[in-house]
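[1] Below: sequence and its predicted model.
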Amino acid sequence: MKTSTGFAARGILGALILLAFSGTPLSAAGVPSAVEESSRIPFTQRYQAVHHGGVVRAANSSITCRTAKSTAPASCSSVKTGADGTNGDFDMFYIDEDDDANTYNSSRAELALPKSSRVTYARLYWGGNLRVGEQKPPKDNGRILITEPGGKYKEVLADTQIAHRDTDGSDAFQASADVTPLVSQSGSGLYTVTQINVAMGHSRVGSWGGWTLLVAYENSAEPLRHISIWDGFETLDAERKSHDLTLSGLRIPARATGRAGFVSYDGDRGVSGDAVNVVADQGKTFGLTSSTNPATDVMNSTITGPGNPMKRQPAHVNTLGYDSDVFDISPALASGGSRLNFTFSAENLGYFLGVLFVQADTRR
């Protein structure tokens with residue numbers, strides 16, 4: 001039986017994104033024009049379902065390096081292709097892949113749904129740093145533009161509380177909106193997101209920003225799975241070194257397979273201490289790692305996952321402060337279980353954690 005929670009269950013914006021096809025902003029009666037902001041938002045379950053299918057995503061960064069400062073360990077061109085380097089090492093400038101003179105940042109990524117899939121839920125997350133060499137106004141945090149494959153820009157407005165934390169030299173935010181009707185109608189292909197409220201320039205903290213489109217789908221050819229999307233905004237740093245998130249009420253069989261992913265901001269590539277561990281019930285703890293994400297530097301400015309690389313424009317390897325990664329968690333599911341506990345830990349400089357999403361084999 002399929003279940004859902006949060007805005008997905010209440011359907012606050014349901015089919016309202018269809019208004020955007022006529023040029024009307026995505027908004028609704030009962031949703032305030034100025035969405036409330038908070039410096040910390042505890043993680044809660046945004047969407048949950050049990051059905052044959054899974055979760056896919058499209059994601060990209062919105063800003064990158066332009067010129068290196070004197071302390072930079074590598075050139076900007078080398079960093080874009082994967083060399084170590086952080087956003088504080090460079091003067092940062094907007095990525096702008098479209099041909100529209102009215103937009104100042106834009107990037108693209110391909111959403112690849114398996115054939116014959118039906119979209120059950122789609123949510124767009126975006127965020128960045130408002131203060132670097134310039135200061136961007138927070139009033140623009142909750143608005144972006146998106147184009148579906150072959151479409152035109154449509155305005156999307158945040159439909160839930162916006163995270164906004166101004167501290168320690170950064171002015172960080174994350175916003176999100178339900179875009180299920182748009183993705184259900186448009187399906188697979190190249191999506192473009194623009195006008196994310198990100199500041200350019202140089203500071204000790206540096207600039208970062210990006211977006212992730214998460215899509216849950218049904219597909220009768222795939223295993224029965226438990227699908228869960230959680231979001232919030234938690235700061236991990238020297239004062240708060242770790243944070244735990246627990247998914248309960250699961251029915252994971254032995255020898256199950258699964259994946260987990262997250263979205264985070266301002267992780268520093270080449271600085272060890274960021275890790276994510278997962279354990280099912282009282283089983284063996286498994287540290288998330290891959291060929292592109294070392295176990296001790298998981299928040300390393302990458303957009304990666306199992307399988308073929310996501311098609312992105314541009315496809316920078318080091319995204320300089322934006323992480324949207326997916327990991328195989330099958331080793332942690334080998335004995336089955338009813339709970340999954342994720343422990344996020346940080347080095348002293350830390351990062352902002354925004355989203356966790358999971359798919360795991362299940363039984364009725």
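    That came in fine, so what should we check first? Numbers count the residues shown, from 1 in each chain.
[2] and Ile144, helix, strand or coil?
    Assigned with DSSP: H, G, I helix; E, B strand; the rest coil, Ile144 falls in the strand class.
[3] Provide a list of residues in contact with it.
    For Ile144, the contacting residues are Leu124, Trp126, Glu155, Val156, Ala175, Val193, Thr194, Gln195, Ile196, Trp211, by CB atoms under 8 Å, 6 or more residues apart in numbering. For the C-beta atoms, the positions are set from N, CA and C on the backbone; glycine is no exception.
[4] Distance-wise, check the fifth one relative to Ser290.
    Look at Ala175 and Ser290: by CB to CB, to the nearest Å, they are 28 Å apart.
[5] can you check the third one too?
    Distance, Glu155 to Ser290, using CB to CB: 36 Å.
[6] So Val278: helix, strand or coil?
    strand.
[7] My understanding was that it contacts Leu340; is that so?
    Yes - counting by CB atoms under 8 Å, Val278 does reach Leu340; the two are 6.1 Å apart.
[8] Find the residues that touch each one of the two.
    Taking CB under 8 Å, 6+ apart as the criterion, Val278 and Leu340 both touch Ile329, Ala332.
[9] Pull out the buried positions in the helix or strand in which Gly127 is found.
    Element membership for Gly127 (DSSP states H and E) is strand 118-129. Neighbour counts using 16 or more other CB atoms under 10 Å place Val119, Thr120, Tyr121, Ala122, Arg123, Leu124, Tyr125, Trp126, Gly127, Gly128, Asn129 of strand 118-129 among the buried residues.
[10] which residue packs closest to the second one, ignoring adjacent ones?
    Put plainly, it is Thr120. Nearest residue to Thr120, sequence neighbours excluded (CB to CB, 6 or more residues apart in numbering): Ala216, at 4.9 Å.
[11] all helices of this protein, in order?
    For the chain, applying DSSP state H gives helices covering 6-10, 76-80, 180-186.
[12] Phe233 is nearest to which of these?
    Taking CB to CB, helix 6-10 is the member of the helices of the chain nearest to Phe233, at 14.8 Å.
[13] For the protein, name the helix or strand with the lowest mean pLDDT.
    Using mean pLDDT, DSSP states H and E, the weakest-scoring helix or strand in the chain turns out to be helix 6-10, at a mean of 33.
[14] Thr147: which of the buried residues of strand 118-129 is nearest?
    Nearest to Thr147 among the buried residues of strand 118-129, counting by CB to CB, is Leu124 at 12.2 Å.
[15] how many other residues sit next to Asn293?
    21 (other CB atoms under 10 Å).
[16] ok, it to Arg66 distance?
    26 Å.
[17] before we move on, what about Gly336?
    50 Å.
[18] Just want to know which of these two has more residues nearby.
    Gly336 (19 against 14).
[19] Enumerate every residue touching that one.
    Residues near Gly336 by CB under 8 Å, 6+ apart: Ile252, Pro253, Ala254, Arg255, Ala256, Ala280.
[20] mind running it again at 7 Å?
    By CB atoms under 7 Å, 6 or more residues apart in numbering, the residues touching Gly336 are Ile252, Pro253, Ala254, Ala256.
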